[in-house]
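S.K.: 3D, please:
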Amino acid sequence: MAKQDSERIVLKIPVNFTVDDLAGFCKASEEQVSELLEDALDLFNSFAAPKAILRWANVESITGDSATINGSTFHSKVVADKLKDSPRVFLSVITAGTGLEKCGKLKNDSVILNMLNGALIYYAVTYVIGYMKEQFGFDGSSMLNPGSLPDWPIANNFQLFKMVGNPGEIGVSLDEKGYITPWNSTSSIHFPGDGYHNCSLCKKYDCIGRRAPFDRDEYIRIFGMEP
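M.R.: Numbers count the residues shown, from 1 in each chain. Okay, the predicted model is just below:
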(Lines give C-alpha, C1' and ligand atoms only; values in the text may rest on other atoms or scores of the structure.)
Protein backbone atom coordinates (compact mmCIF):
# COMPACT_ATOMS: atom_id res chain seq x y z
CA MET A 1 0.00 0.00 0.00
CA ALA A 2 1.40 3.39 -0.95
CA LYS A 3 0.42 6.96 -0.18
CA GLN A 4 2.13 9.56 -2.30
CA ASP A 5 2.23 13.07 -3.58
CA SER A 6 4.28 14.13 -6.59
CA GLU A 7 7.62 13.73 -4.79
CA ARG A 8 7.08 11.83 -1.51
CA ILE A 9 5.82 8.28 -1.07
CA VAL A 10 4.86 6.46 2.14
CA LEU A 11 4.82 2.67 1.93
CA LYS A 12 3.21 0.11 4.21
CA ILE A 13 5.12 -2.97 3.16
CA PRO A 14 3.12 -6.21 2.93
CA VAL A 15 4.44 -9.28 4.76
CA ASN A 16 3.44 -12.85 3.97
CA PHE A 17 6.51 -15.00 4.50
CA THR A 18 6.91 -18.73 4.00
CA VAL A 19 9.55 -20.71 5.88
CA ASP A 20 11.63 -20.65 2.69
CA ASP A 21 11.34 -16.84 2.47
CA LEU A 22 12.37 -16.44 6.08
CA ALA A 23 15.28 -18.84 5.73
CA GLY A 24 16.56 -16.80 2.78
CA PHE A 25 16.41 -13.48 4.60
CA CYS A 26 17.94 -15.03 7.74
CA LYS A 27 20.66 -16.69 5.63
CA ALA A 28 19.82 -20.02 7.18
CA SER A 29 18.45 -23.37 6.02
CA GLU A 30 14.74 -24.18 6.06
CA GLU A 31 15.45 -26.87 8.66
CA GLN A 32 17.25 -24.43 10.96
CA VAL A 33 14.46 -21.87 10.68
CA SER A 34 11.71 -24.45 11.20
CA GLU A 35 13.35 -25.83 14.33
CA LEU A 36 14.03 -22.40 15.78
CA LEU A 37 10.72 -20.71 15.08
CA GLU A 38 8.30 -23.59 15.57
CA ASP A 39 4.92 -21.80 15.42
CA ALA A 40 6.30 -18.25 15.27
CA LEU A 41 5.86 -17.79 11.51
CA ASP A 42 2.14 -17.01 11.74
CA LEU A 43 2.85 -14.51 14.52
CA PHE A 44 5.57 -12.96 12.40
CA ASN A 45 3.25 -12.47 9.44
CA SER A 46 0.51 -11.06 11.71
CA PHE A 47 2.59 -8.57 13.69
CA ALA A 48 5.38 -7.54 11.29
CA ALA A 49 4.76 -4.00 10.05
CA PRO A 50 7.68 -2.61 8.00
CA LYS A 51 7.27 0.83 6.48
CA ALA A 52 9.21 3.28 4.35
CA ILE A 53 9.26 6.86 3.14
CA LEU A 54 10.74 7.66 -0.27
CA ARG A 55 11.33 11.07 -1.77
CA TRP A 56 12.53 12.03 -5.21
CA ALA A 57 15.38 14.55 -5.09
CA ASN A 58 17.41 16.47 -7.65
CA VAL A 59 21.21 16.48 -7.56
CA GLU A 60 21.67 20.18 -8.28
CA SER A 61 25.45 20.45 -8.23
CA ILE A 62 28.69 18.64 -7.46
CA THR A 63 31.46 20.98 -6.37
CA GLY A 64 34.73 19.43 -5.25
CA ASP A 65 33.91 17.13 -2.35
CA SER A 66 30.37 18.44 -1.90
CA ALA A 67 27.01 17.44 -3.35
CA THR A 68 23.95 19.70 -3.25
CA ILE A 69 20.62 17.86 -3.31
CA ASN A 70 17.33 19.79 -3.22
CA GLY A 71 19.14 22.78 -1.75
CA SER A 72 20.96 20.83 0.97
CA THR A 73 24.70 20.30 0.74
CA PHE A 74 26.49 17.17 1.93
CA HIS A 75 30.27 17.40 2.39
CA SER A 76 31.67 13.98 1.48
CA LYS A 77 34.16 12.70 -1.05
CA VAL A 78 32.25 9.48 -1.62
CA VAL A 79 28.82 11.13 -1.93
CA ALA A 80 30.15 13.67 -4.42
CA ASP A 81 31.95 10.98 -6.40
CA LYS A 82 29.04 8.54 -6.58
CA LEU A 83 26.39 11.14 -7.46
CA LYS A 84 28.35 13.06 -10.10
CA ASP A 85 26.52 11.30 -12.94
CA SER A 86 23.08 11.09 -11.26
CA PRO A 87 20.74 14.02 -11.97
CA ARG A 88 17.98 12.50 -9.80
CA VAL A 89 18.03 10.20 -6.78
CA PHE A 90 15.69 8.67 -4.23
CA LEU A 91 16.05 9.42 -0.52
CA SER A 92 14.68 6.80 1.85
CA VAL A 93 14.00 5.97 5.47
CA ILE A 94 13.04 2.32 5.93
CA THR A 95 12.10 0.53 9.15
CA ALA A 96 11.13 -2.94 10.29
CA GLY A 97 9.01 -1.14 12.87
CA THR A 98 8.13 -2.34 16.37
CA GLY A 99 5.29 -4.70 15.52
CA LEU A 100 7.16 -7.84 16.57
CA GLU A 101 7.97 -6.35 19.98
CA LYS A 102 4.24 -6.02 20.59
CA CYS A 103 3.68 -9.76 20.20
CA GLY A 104 3.81 -11.31 23.66
CA LYS A 105 5.00 -14.70 22.42
CA LEU A 106 8.00 -13.17 20.64
CA LYS A 107 9.08 -10.23 22.79
CA ASN A 108 10.44 -12.45 25.57
CA ASP A 109 12.88 -14.28 23.30
CA SER A 110 15.54 -11.78 22.28
CA VAL A 111 17.44 -14.24 20.07
CA ILE A 112 14.44 -14.99 17.87
CA LEU A 113 13.24 -11.39 17.98
CA ASN A 114 16.59 -10.02 16.81
CA MET A 115 16.80 -12.62 14.06
CA LEU A 116 13.30 -11.84 12.82
CA ASN A 117 13.85 -8.07 12.93
CA GLY A 118 17.12 -8.49 11.03
CA ALA A 119 15.35 -10.52 8.37
CA LEU A 120 12.52 -8.00 8.25
CA ILE A 121 14.68 -4.92 7.59
CA TYR A 122 16.61 -6.85 4.93
CA TYR A 123 13.31 -7.76 3.30
CA ALA A 124 11.98 -4.21 3.60
CA VAL A 125 15.02 -2.73 1.84
CA THR A 126 14.74 -5.37 -0.89
CA TYR A 127 11.04 -4.59 -1.30
CA VAL A 128 11.69 -0.83 -1.59
CA ILE A 129 14.37 -1.35 -4.23
CA GLY A 130 11.95 -3.54 -6.19
CA TYR A 131 9.19 -0.94 -5.81
CA MET A 132 11.41 1.82 -7.24
CA LYS A 133 12.28 -0.35 -10.23
CA GLU A 134 8.74 -1.56 -10.89
CA GLN A 135 6.99 1.79 -10.44
CA PHE A 136 9.59 4.17 -11.87
CA GLY A 137 12.12 2.08 -13.79
CA PHE A 138 14.73 3.26 -11.28
CA ASP A 139 17.50 0.91 -10.14
CA GLY A 140 18.00 2.01 -6.55
CA SER A 141 20.25 -0.86 -5.52
CA SER A 142 23.24 1.49 -5.21
CA MET A 143 22.99 3.10 -1.78
CA LEU A 144 24.83 5.66 0.35
CA ASN A 145 24.12 5.30 4.09
CA PRO A 146 25.10 7.94 6.68
CA GLY A 147 27.39 6.58 9.37
CA SER A 148 28.84 3.65 7.48
CA LEU A 149 32.01 5.57 6.50
CA PRO A 150 34.05 8.21 8.39
CA ASP A 151 33.79 10.36 5.26
CA TRP A 152 30.00 10.62 5.75
CA PRO A 153 29.29 10.37 9.49
CA ILE A 154 26.02 9.53 11.21
CA ALA A 155 25.25 13.19 11.97
CA ASN A 156 24.24 13.57 8.31
CA ASN A 157 21.05 11.74 9.24
CA PHE A 158 19.65 15.00 10.64
CA GLN A 159 19.84 16.66 7.24
CA LEU A 160 18.67 13.56 5.36
CA PHE A 161 15.67 13.08 7.67
CA LYS A 162 14.67 16.72 7.22
CA MET A 163 14.78 16.29 3.45
CA VAL A 164 12.68 13.09 3.55
CA GLY A 165 10.13 14.86 5.74
CA ASN A 166 8.20 13.73 8.84
CA PRO A 167 9.82 10.33 9.48
CA GLY A 168 7.66 10.16 12.60
CA GLU A 169 4.84 9.20 10.24
CA ILE A 170 6.36 5.70 10.09
CA GLY A 171 7.43 5.67 13.75
CA VAL A 172 11.08 6.59 13.21
CA SER A 173 13.18 9.23 14.99
CA LEU A 174 16.80 10.18 15.69
CA ASP A 175 18.63 10.37 19.00
CA GLU A 176 20.90 13.27 19.88
CA LYS A 177 23.83 11.79 17.93
CA GLY A 178 21.88 10.93 14.78
CA TYR A 179 21.31 7.22 15.37
CA ILE A 180 17.92 5.89 14.25
CA THR A 181 15.21 4.59 16.57
CA PRO A 182 14.01 1.84 16.31
CA TRP A 183 17.39 0.22 15.70
CA ASN A 184 16.14 -2.03 12.88
CA SER A 185 15.88 0.94 10.51
CA THR A 186 18.05 2.50 7.84
CA SER A 187 18.39 5.69 5.78
CA SER A 188 19.85 5.97 2.29
CA ILE A 189 20.44 7.92 -0.86
CA HIS A 190 19.62 5.58 -3.76
CA PHE A 191 21.29 6.23 -7.10
CA PRO A 192 21.56 4.33 -10.40
CA GLY A 193 24.58 2.12 -10.74
CA ASP A 194 26.00 -1.33 -10.17
CA GLY A 195 24.67 -2.08 -6.70
CA TYR A 196 27.24 0.00 -4.80
CA HIS A 197 27.32 -0.31 -1.00
CA ASN A 198 29.53 1.66 1.39
CA CYS A 199 30.88 -1.71 2.57
CA SER A 200 33.20 -1.69 -0.45
CA LEU A 201 35.05 1.30 1.05
CA CYS A 202 34.83 0.28 4.72
CA LYS A 203 38.03 -0.90 6.44
CA LYS A 204 36.20 -2.99 9.07
CA TYR A 205 37.29 -6.09 7.23
CA ASP A 206 35.76 -8.61 9.67
CA CYS A 207 32.30 -6.96 9.94
CA ILE A 208 29.59 -9.64 10.06
CA GLY A 209 27.20 -7.32 8.23
CA ARG A 210 29.46 -6.84 5.21
CA ARG A 211 27.52 -6.81 1.93
CA ALA A 212 30.39 -6.17 -0.48
CA PRO A 213 34.13 -6.95 -0.47
CA PHE A 214 36.57 -4.15 0.26
CA ASP A 215 37.77 -2.46 -2.94
CA ARG A 216 41.30 -1.17 -2.33
CA ASP A 217 41.72 0.43 -5.77
CA GLU A 218 38.42 2.30 -5.45
CA TYR A 219 39.36 3.48 -1.96
CA ILE A 220 42.64 4.91 -3.28
CA ARG A 221 40.89 6.53 -6.25
CA ILE A 222 38.28 8.34 -4.11
CA PHE A 223 40.31 9.22 -1.01
CA GLY A 224 43.74 9.61 -2.60
CA MET A 225 45.53 7.51 -0.01
CA GLU A 226 46.32 3.94 0.99
CA PRO A 227 43.70 2.32 3.24
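
S.K.: which other helices and strands contact the longest helix anywhere in the chain?
M.R.: Assignment by DSSP state H gives helix 110-136 as the longest helix of the chain. Packing contacts for helix 110-136, counted by 3 or more C-beta pairs under 8 Å, 6 or more residues apart in numbering; DSSP states H and E, involve strand 8-12, helix 19-26, helix 30-37, helix 40-47, strand 51-63, strand 88-95, helix 104-107, strand 185-191. The way it works is simple: take the backbone N, C-alpha and C, and place the C-beta from them, glycine included.

S.K.: got the angle between the fifth one and helix 110-136?
M.R.: Between the axis of strand 51-63 and that of helix 110-136 there is an angle of 60 degrees, by axes from the mean of the first three to the mean of the last three C-alpha atoms, to 10 degrees.

S.K.: in the longest helix of the chain, what counts as buried?
M.R.: Buried residues in helix 110-136, defined by neighbour count with 16 or more other C-beta atoms under 10 Å: 112-113, 115-125, 127-129, 131-132.

S.K.: how close does residue 197 get to residue 158?
M.R.: 22 Å (C-beta to C-beta, to the nearest Å).

S.K.: now swap in residue 7 and tell me
M.R.: For residue 7, the distance to residue 158 - C-beta to C-beta - is 20 Å.

S.K.: next: residue 195.
M.R.: 27 Å.

S.K.: I'd like the average pLDDT over stretch 218-227.
M.R.: Per-residue pLDDT over stretch 218-227 has a mean of 90.

S.K.: first vs last residue of that stretch, how far apart are they?
M.R.: 10 Å (C-alpha to C-alpha, to the nearest Å).

S.K.: how far is that stretch from where the chain is centred?
M.R.: Distance of stretch 218-227 from the chain centroid (C-alpha atoms, centre = their mean, to the nearest Å) equals 25 Å.

S.K.: check stretch 50-58 too.
M.R.: 11 Å.

S.K.: quick revisit: between the longest helix of the chain and strand 8-12, how many degrees?
M.R.: Using the same axes, to 10 degrees, helix 110-136 lies at 130 degrees relative to strand 8-12.

S.K.: pull the number of nearby residues for residue 46.
M.R.: Taking other C-beta atoms under 10 Å as the criterion, the count of residues near residue 46 is 12.

S.K.: check contacts around it.
M.R.: residue 103 (C-beta atoms under 8 Å, 6 or more residues apart in numbering).

S.K.: ok, now residue 99?
M.R.: Residue 99 neighbours (C-beta under 8 Å, 6+ apart): 47-49.

S.K.: quick one: which of these is most hemmed in?
M.R.: Most surrounded of the contacts of residue 99: other C-beta under 10 Å gives residue 48, at 23 neighbours.

S.K.: let me know the pLDDT of it.
M.R.: 92.

S.K.: follow-up on the earlier one: of the helices and strands packed on helix 110-136, which approaches residue 146 most closely?
M.R.: Nearest to residue 146 among the helices and strands packed on helix 110-136 is strand 185-191; the distance by C-beta to C-beta comes to 6.1 Å.

S.K.: for the closest one, give me every contacting residue.
M.R.: So strand 185-191 is contacted by 57, 69, 79, 82-83, 86, 89-96, 121, 125, 129, 132, 138, 140-146, 157, 160-161, 164, 172, 180 (C-beta under 8 Å, 6+ apart).

S.K.: and what of stretch 218-227?
M.R.: So stretch 218-227 is in contact with 77-78, 81, 151, 200-201, 203, 214, 216, going by C-beta under 8 Å, 6+ apart.

S.K.: no further questions, thank you.
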